[in-house]
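[1] Sequence first, then the predicted structure, then my questions.
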Amino acid sequence: MENIVLTVHLIIALCLIGIVLIQRSEGGGLGMGGGGGGGAMSGRPAISALGKLTWLFGIAFVITSISLTVIAARNADGGSVLDTGAVTAPAPTDAPAGDALLPPTLPSTGDAPLAPPRVDE
């Protein structure tokens, strides 16, 4: 059921994107700009067929979104991901011995640590 609703939701989303993109831009987005006459009548024309389709796809998109949320909540087991213990930290490894932390030695000098060359000024 969830897969069917998800497929319908994606098709509606693509249709909504297509319908919005093919509409003519009238400027004055979000109702700004107003009409040219300034009379008692509104400057907005009657809604077109594309406008009606936009509303239809928008309402269908919201309905399928809410349906998917309800289905996902119904299928949830109610527990938290943190409560399941699925992700655990790796076990700590033993630290290397004290000698392993020392810098390497030069082969020719034996025990002398590797040091940068000395520059006399």
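    Perfect, I can see it now. Numbering: from 1, shown residues only.

[2] For the rest of this, base every contact and every neighbour count on C-alpha atoms.
    Noted.

[3] How many residues are close by Phe61?
    Applying other Cα atoms under 10 Å, we find 20 residues neighbouring Phe61.

[4] Low-confidence ranges, the chain, go.
    Along the chain, segments meeting pLDDT under 70 span 27-44, 81, 83-117, 121.

[5] In it, where's the longest helix?
    Taking DSSP state H as the criterion, the chain has its longest helix at helix 49-75.

[6] Could you give me the buried positions within it?
    54, 57-58, 60-61, 64, 67-68 (16 or more other Cα atoms under 10 Å).

[7] wait, which of the residues you listed is closest to Arg24?
    Checking those against Arg24 with Cα to Cα, the nearest one is Thr54 at 12.7 Å.

[8] so the closest one sits right up against Ile19, yeah?
    Yes. With contact defined as Cα atoms under 8 Å, Thr54 reaches Ile19; the gap is 6.3 Å.

[9] Check the secondary structure at Asp77 for me.
    coil (DSSP: H, G, I helix; E, B strand; the rest coil).

[10] For it, give its distance to Ser67.
    18 Å (Cα to Cα, to the nearest Å).

[11] ditto for Thr54
    To Ser67, Thr54 is 20 Å away according to Cα to Cα.

[12] how about the helices in this structure?
    2-22, 49-75, 81-84.

[13] With distance to Val119 as extra columns, can I get those in CSV?
    Output for these, formatted as CSV (distance: least, Cα to Cα, whole Å):
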stretch, distance to Val119
helix 2-22, 70
helix 49-75, 70
helix 81-84, 57
